[in-house]
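Q: Here is the input, now give the coordinates:
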Amino acid sequence: MTRSTISKCKYGYVFLCTFLFASIFLMYLQKEQYPFQILQMLKPILNNVENSTRLNTTISKTPLTHLMTTTSKTPSSSLKAILSKTPSTRLTNTSLEKWRGRLKYLCVSLIGRLGNQMFIFASGLGIANINNMSMVVQEGIEHLQSVFDIHNTEKNKKLCKNAKAKYHRKASAFDPRLFNISNIDTVHVGHYLQSYKYFEHIYDEIRSQFTFKKEIKDKADKILKNIVEKHRKVNNASLNWTLVGIHVRRGDMVNHNYGYTVATKEYFVKAKQWFQSHYTNVIFVVASNGLQWCKDNISDNSTYFINGNSAGEDMAILSSCEHLISSVGSYSWWSGFLCRGNVTYYFPPARENSGLRKAYSADYMDYFQPKWIRL
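A: Modelled structure (predicted):
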């Protein structure tokens, strides 16, 4: 046997061992083989590789007859014994599918209106990221997809049908238990999840997911441009201005008995004064579900009101401003998050001793971002 032939055998053994290691690793993942069984399977192959290496280093000193005897101990018999096992223990398409099936999933259902759905989606992504899981939307993704360029998101109602429930303790407070659920194959984490702490470690990903669709962003930019042009003509304003959005949540919250508070006239006046004292040529842009109240209480020559838009379009307008005066509710929260500038918020968002108050942490700071300004 020539040196080149022996060298080829040696590399052949290495290739076979690599292939075998990959096969056995998949067997172990499928729990079809245990560690001690794997070692027994590897032993004859490793012995043959060792013999091959020793043979190559001693070829010049070994008689041809001895070489023939040594090289006749090929791994073919051991390898055939292993590869002839049942199909379930071999590297087949079936075993690969089973291996993929061992991936773990976190399921969310997007309920409520825009702000609520954004919290569930963002928190679901953050919790899945921490637990090394893939987030799957069980239902309700259509609304978000109509407003934002949502990407890399799977909808699979069937997959989530038998998911184990692991719900948070409070709707608007962080529950650290949800960062330790990686031992569950498929889990549903419930609704609301209204705490930035669930997703603060992936803020860039959240902002990317909540990129407004082009037609919505274009409309928002056009509306703001028209407001600025009108303000400049009427007030002979300079080319330098500061856009501050104002979101006023009233409507359904005014007479709600669950414990919601409604931002007062005094709050909005104080917030407007704060921005006017910190910036020059401030233009306020108001979006509200109680527009008449706004016109009656916070109107002046630097304030403009928008109406006739969808919830997504109004949020795009507010978040395109440099800063925001928020009120209460998840819609206001997300408008502030997406605008990136200074954000003021009304405090407290819930009446003491109410059902809603119990949904927050003791100091409310699992909900409000630390950098926001409390007024």
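Q: hey, which helix or strand in this structure has the poorest pLDDT?
A: Of all helical and strand segments in the chain, the minimum by mean pLDDT, DSSP states H and E falls on helix 64-71, at a mean of 35.
Q: And the helices in the stretch 101-250 of the chain?
A: Using DSSP state H, counting those that start in this stretch, the helices of the stretch 101-250 of the chain run over 114-130, 141-147, 203-209, 214-235.
Q: Now residue 189, what are its backbone angles?
A: phi -100, psi 10 (degrees, to the nearest 10).
Q: Neighbours of it, how many?
A: The number of residues packed near residue 189 is 25, by other Cβ atoms under 10 Å. The C-beta positions use only the backbone N, C-alpha and C, and glycine is treated the same way.
Q: And for residue 328?
A: 22.
Q: Test my guess that it contacts residue 259.
A: No - if you go by Cβ atoms under 8 Å, residue 328 and residue 259 don't touch, sitting 11.0 Å apart.
Q: deepest of the helices of the stretch 101-250 of the chain, which one?
A: Highest mean neighbour count among the helices of the stretch 101-250 of the chain (mean count of other Cβ atoms under 10 Å): helix 114-130, with a mean of 23.
Q: export that one as PDB, just CAs?
A: Extracted C-alpha coordinates of helix 114-130, given in PDB (Å, rounded to 0.1, in the frame of the first residue of the first chain):
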ATOM      1  CA  LEU A 114     -53.500  50.300  18.800                       C
ATOM      2  CA  GLY A 115     -51.600  51.200  21.900                       C
ATOM      3  CA  ASN A 116     -52.500  48.000  23.700                       C
ATOM      4  CA  GLN A 117     -51.400  45.900  20.800                       C
ATOM      5  CA  MET A 118     -48.100  47.600  20.500                       C
ATOM      6  CA  PHE A 119     -47.300  46.900  24.200                       C
ATOM      7  CA  ILE A 120     -48.200  43.200  23.800                       C
ATOM      8  CA  PHE A 121     -46.100  42.900  20.600                       C
ATOM      9  CA  ALA A 122     -43.100  44.700  21.900                       C
ATOM     10  CA  SER A 123     -43.100  42.900  25.300                       C
ATOM     11  CA  GLY A 124     -43.600  39.600  23.600                       C
ATOM     12  CA  LEU A 125     -40.500  40.200  21.400                       C
ATOM     13  CA  GLY A 126     -38.500  41.200  24.500                       C
ATOM     14  CA  ILE A 127     -39.500  38.200  26.600                       C
ATOM     15  CA  ALA A 128     -38.800  35.900  23.700                       C
ATOM     16  CA  ASN A 129     -35.400  37.400  23.100                       C
ATOM     17  CA  ILE A 130     -34.400  36.900  26.800                       C
END
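Q: Just list what that helix packs against, helices and strands only.
A: strand 105-109, strand 134-139, helix 141-147, helix 203-209, helix 311-320, helix 330-339 (3 or more Cβ pairs under 8 Å, 6 or more residues apart in numbering; DSSP states H and E).
Q: In JSON lines, list the ones you listed along with distance to residue 236.
A: Output for these, formatted as JSON lines (distance: least, Cβ to Cβ, whole Å):
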{"stretch": "strand 105-109", "distance to residue 236": "51"}
{"stretch": "strand 134-139", "distance to residue 236": "51"}
{"stretch": "helix 141-147", "distance to residue 236": "37"}
{"stretch": "helix 203-209", "distance to residue 236": "37"}
{"stretch": "helix 311-320", "distance to residue 236": "24"}
{"stretch": "helix 330-339", "distance to residue 236": "27"}
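Q: Can I get these in a markdown table including distance to residue 128 and mean pLDDT?
A: A markdown table is the format used below for the helices and strands packed on helix 114-130 (distance: least, Cβ to Cβ, whole Å; pLDDT from 0 to 100):
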| stretch | distance to residue 128 | mean pLDDT |
| --- | --- | --- |
| strand 105-109 | 4 | 97 |
| strand 134-139 | 4 | 96 |
| helix 141-147 | 15 | 97 |
| helix 203-209 | 11 | 98 |
| helix 311-320 | 24 | 98 |
| helix 330-339 | 19 | 98 |
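Q: For residue 264, which of these is the nearest?
A: helix 330-339 (14.6 Å; Cβ to Cβ).
Q: Would you pull up how far the next helix-or-strand element following that closest one lies from the middle of the chain?
A: Sequence order places strand 343-345 as the next helix or strand after helix 330-339, per DSSP states H and E. Taking Cα atoms, centre = their mean, to the nearest Å, one finds strand 343-345 lying 25 Å from the centre of the chain it belongs to.
Q: List of residues touching the helix or strand just after strand 343-345?
A: As assigned by DSSP H and E, the chain's next helix or strand after strand 343-345 is strand 373-374. When contacts are defined by Cβ atoms under 8 Å, 6 or more residues apart in numbering, strand 373-374 is touched by residues 274, 342-345, 347, 368.
Q: mind giving me JSON lines with the helices of the stretch 101-250 of the chain and columns for distance to residue 338?
A: Shown next, in JSON lines, are the helices of the stretch 101-250 of the chain (distance: least, Cβ to Cβ, whole Å):
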{"stretch": "helix 114-130", "distance to residue 338": "9"}
{"stretch": "helix 141-147", "distance to residue 338": "11"}
{"stretch": "helix 203-209", "distance to residue 338": "7"}
{"stretch": "helix 214-235", "distance to residue 338": "11"}
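Q: Out of those helices, which is closest to residue 351?
A: Among these, the nearest to residue 351 by Cβ to Cβ is helix 114-130 (20.1 Å).
Q: Tell me what angle that closest one forms with helix 311-320.
A: 70 degrees (axes from the mean of the first three to the mean of the last three Cα atoms, to 10 degrees).
Q: and helix 114-130, what's its mean pLDDT?
A: Per-region confidence: helix 114-130 scores 98 on mean pLDDT.
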